[in-house]
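Enquirer: take a look and give me a structure for this.
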Amino acid sequence: MDLGLTGKVALVTGASGGIGGAIAEALARQGCDVVAAARSAEALQELAETIGRDANRQVVPCIADRREADGGARAVGTAEEEFRCPDILVNNAGSTKRGDVFALSEGDWREGFALKFFGYVRMTRACWPLLKAAPGAVVNIIAIGGRTQGPIETNRLWARLERYAEETGLGLEEARRRLAREIRLARFGQAAEIGDAAAFLASTRAHYFQGALIDIDSGATRTM
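Expert: Residues are numbered from 1 along each chain as shown. Okay, the predicted model is just below:
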């Protein structure tokens with residue numbers, strides 16, 4: 001399906017790997033040039049080279065920490081400098097510390113909100129004038145754990161699977177199948193599936209989606 005994204009510019013945060021990297025790749029495959037923002041310079045450079053080569057689009061790495069007050073402005077400034085404006089903003093946060101609500105320290109909570117809440121707010125505020133002029137789209141990626149479990153196969157999940165395999169004495173593949181069954185899933189999701197969904201939502205094909213919350217979790221969130 002042609003999503004009409006050829007020649008558009010996308011700014012993707014948390015793009016150094018996992019879901020963010022898959023989103024950057026999906027948008028580039030659909031014809032977008034991409035500003036890939038994250039904290040890891042080495043991972044960003046590798047991603048930019050790989051996607052740029054495979055999708056034949058320009059991918060510009062931008063070192064930016066969304067927890068910092070000027071992190072959003074730095075990323076948007078890179079998009080303006082390289083491409084004049086972003087047409088698409090994808091807010092995709094990195095991981096925060098897992099744990100029991102009473103066991104996590106106040107510092108853990110501050111760190112999480114700085115990354116996942118205030119980071120999104122800063123980036124959106126910095127981009128908003130340019131997105132209005134485009135006109136453009138904002139796609140916010142949030143952790144499915146905020147509602148129900150529907151894990152995506154990223155490095156974080158594989159680390160969890162390795163611990164689970166060690167605790168249960170199972171092989172890694174069997175641990176993968178059993179953990180999915182325990183949380184009532186046929187399988188774990190793939191980062192590319194999130195990338196494809198984000199590309200669709202950022203396109204004109206999805207213009208009637210406004211303020212929508214879409215669960216991509218293999219039906220883990222049961223609302224009927």
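
Enquirer: pull the helix or strand with minimum mean pLDDT from this protein.
Expert: Sorting the helices and strands of the chain by mean pLDDT, DSSP states H and E puts helix 106-113 at the bottom, at a mean of 87.

Enquirer: what's the closest non-adjacent residue to Leu172?
Expert: Ala165 (5.1 Å; Cβ to Cβ, 6 or more residues apart in numbering). Yep, even glycine has a C-beta here, placed from its N, CA and C like the rest.

Enquirer: on the three-state scheme, the one you found is what?
Expert: Using DSSP: H, G, I helix; E, B strand; the rest coil, the three-state assignment for Ala165 comes out as helix.

Enquirer: contacts only, for it.
Expert: 171-172, 174-175 (Cβ atoms under 8 Å, 6 or more residues apart in numbering).

Enquirer: likewise for Met123?
Expert: Taking Cβ under 8 Å, 6+ apart, we find Met123 in contact with 11, 13, 66, 71-72, 75-76, 89, 91.

Enquirer: try 7 Å
Expert: Shown in contact with Met123 (Cβ atoms under 7 Å, 6 or more residues apart in numbering): 13, 66, 72, 75, 89, 91.

Enquirer: ok, now Leu44?
Expert: Contact analysis of Leu44 by Cβ under 7 Å, 6+ apart lists 15-16, 36, 38, 61.

Enquirer: what's the spacing between stretch 29-43 and its chain's center?
Expert: 11 Å (Cα atoms, centre = their mean, to the nearest Å).

Enquirer: before we move on, which element is Asp217 in?
Expert: For Asp217, there is no enclosing helix or strand under DSSP states H and E.
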